[in-house]
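>>> Please work out how this folds:
(one chain, ligands or ions: 1)
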Amino acid sequence: MKAIEFNGVGKDFGDFTALKEVTFNVEQGDFFALLGPNGAGKTTLISILAGLTKATRGTTRVMGLDVQQDYRAARRAVGIVPQELVFDPFFNVREALVFQSGYFGIKHNDAWIDEILHNLGLTEKAHTNMRALSGGMKRRVMVAQALVHKPPVIVLDEPTAGVDVELRQTLWAFVKSLNENGHTIVLTTHYLEEAETLCNRIAMLKRGELIALEDKDKMMQRGAARSVILKLKPAQLPASLQSLLIKQHDNRFELKLADCNGLEAILAALRAEQITLKDLEITQPDLEEIFVQMMHA
Ligand SMILES: Nc1ncnc2c1ncn2[C@@H]1O[C@H](COP(=O)(O)OP(=O)(O)OP(=O)(O)O)[C@@H](O)[C@H]1O
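Numbering: from 1, shown residues only. Below you'll find the predicted structure:
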């Protein structure tokens, strides 16, 4: 069984098509990144998954359950951390979590609530009114609320937008441990280095269409060729290497590097001209470069 199945999912808002026909699966145990520029349709897709928005076309299943036909069961299978801070100002943190448990029909949830509070650094705020929390603390509660019913699938819609380094680290350590314990994680983020470090599969949406879906390692190979930065003494580049030059700053030369054989040829050319190599650094394209490349393709 797949954790999530989108099959020909489309959404129109009047004349405007926010999602065309999106088809892809998320496997159980994936740490999955859903990337795309503003307005690509990520939140719309997540709202459809959560049963909050009705798709115009197609079918969506969570853990085999149709989000329309089996709404309640499908809703229980997924925990959504929304982009916006939505809370009841009259509850304190613990009450908000107890209330949310009640929504899922869970009565004795104290042990799990304590564990969530602890893992999100919220224990000391348990009795603080929601209104009195800082933005970052409210966001922690949004994460906690999504987890009260121990959903097998957890979706985080830009959870780290505008939050401090400490929360990011706490959050990712917790989410990673949930993933290691078998929860499927779907993440949308504009911080591509987060997706690069955390996720094993990456999907890219552009104007309502899926333009890429691959294992992260494979996606990383799509990037512009690697390059090598050489620190040379004297600061000069053999003529035979000029065609590889990307940029130069003082005695640092950045050259295109197709593969390891390319590196051998570079070193041989330097030796032949008795140029000493003082330092060498091989750079890999990062996900951000690949993303920009794909969005402009
Ligand atoms: N209720 C609505 N009515 C009309 N248009 C909408 C509605 N909701 C979303 N849209 C439009 O659908 C498109 C996709 O929006 P969506 O919020 O899904 O994008 P996103 O990828 O999540 O963007 P962001 O990164 O900015 O959160 C946008 O052009 C948006 O303006």
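>>> residues making contact with the helix or strand bottoming out on mean pLDDT in the chain?
Every helix and strand in the chain was compared by mean pLDDT, DSSP states H and E; the lowest is helix 287-296, with a mean of 84. For helix 287-296, the surrounding residues in contact (C-beta atoms under 8 Å, 6 or more residues apart in numbering) are 35, 37, 192-193, 195-196, 202, 204, 206, 211-212, 216, 219-220, 222-224. Placement of C-beta: from N, CA and C, glycine included.
>>> Can you tell me which residues in this protein are near the ligand?
Phe13, Phe16, Ala18, Gly36, Asn38, Gly39, Ala40, Gly41, Lys42, Thr43, Thr44 (C-beta under 6 Å from any ligand atom).
>>> Tell me which stretches of the stretch 1-150 of the chain form strands.
Applying DSSP state E, counting those that start in this stretch to the stretch 1-150 of the chain gives strands spanning 4-13, 16-26, 31-35, 57-62, 65-66, 78-81.
>>> buried residues in the third one?
Going back to what we said before, that points to strand 31-35. Phe31, Phe32, Ala33, Leu34, Leu35 (16 or more other C-beta atoms under 10 Å).
>>> Same question for the first one.
With burial defined by 16+ other C-beta under 10 Å, the residues of strand 4-13 counted as buried are Ile4, Glu5, Phe6, Val9, Gly10, Lys11.
>>> gap between the closest residue to Glu196 other than its chain neighbours and the ligand?
Closest residue in space to Glu196, ignoring its immediate chain neighbours: Leu287 at 4.1 Å, by C-beta to C-beta, 6 or more residues apart in numbering. Distance from Leu287 to the ligand, counting by C-beta to the nearest ligand atom, to the nearest Å: 16 Å.
>>> thinking again about what came up before, and the buried residues of strand 4-13 as a markdown table, adding pLDDT?
Below are those laid out as a markdown table (pLDDT from 0 to 100):
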| residue | pLDDT |
| --- | --- |
| Ile4 | 98 |
| Glu5 | 98 |
| Phe6 | 98 |
| Val9 | 98 |
| Gly10 | 97 |
| Lys11 | 98 |
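>>> For the buried residues of strand 31-35, give me JSON lines that also has pLDDT.
Listed next are the buried residues of strand 31-35 as JSON lines, based on pLDDT from 0 to 100:
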{"residue": "Phe31", "pLDDT": "97"}
{"residue": "Phe32", "pLDDT": "97"}
{"residue": "Ala33", "pLDDT": "96"}
{"residue": "Leu34", "pLDDT": "96"}
{"residue": "Leu35", "pLDDT": "95"}
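>>> for those, which one is nearest Gln169?
Phe31 (16.4 Å; C-beta to C-beta).
>>> Do I have it right that that closest one meets Cys199?
Yes - Phe31 is within contact range of Cys199, at 4.8 Å (criterion: C-beta atoms under 8 Å).
>>> and for the two, which residues touch both?
Leu187.
>>> ok, Leu244 to the ligand distance?
Taking C-beta to the nearest ligand atom, one finds Leu244 at 37 Å from the ligand.
>>> Leaving out sequence neighbours, find the closest residue to that residue.
Leu255 (4.1 Å).
>>> Ok, Leu267 next?
Leu277 (7.1 Å).
>>> need the contact list for that neighbour.
With contact set as C-beta under 8 Å, 6+ apart, Leu277 has these partners: Leu230, Lys231, Leu232, Leu267, Leu270.
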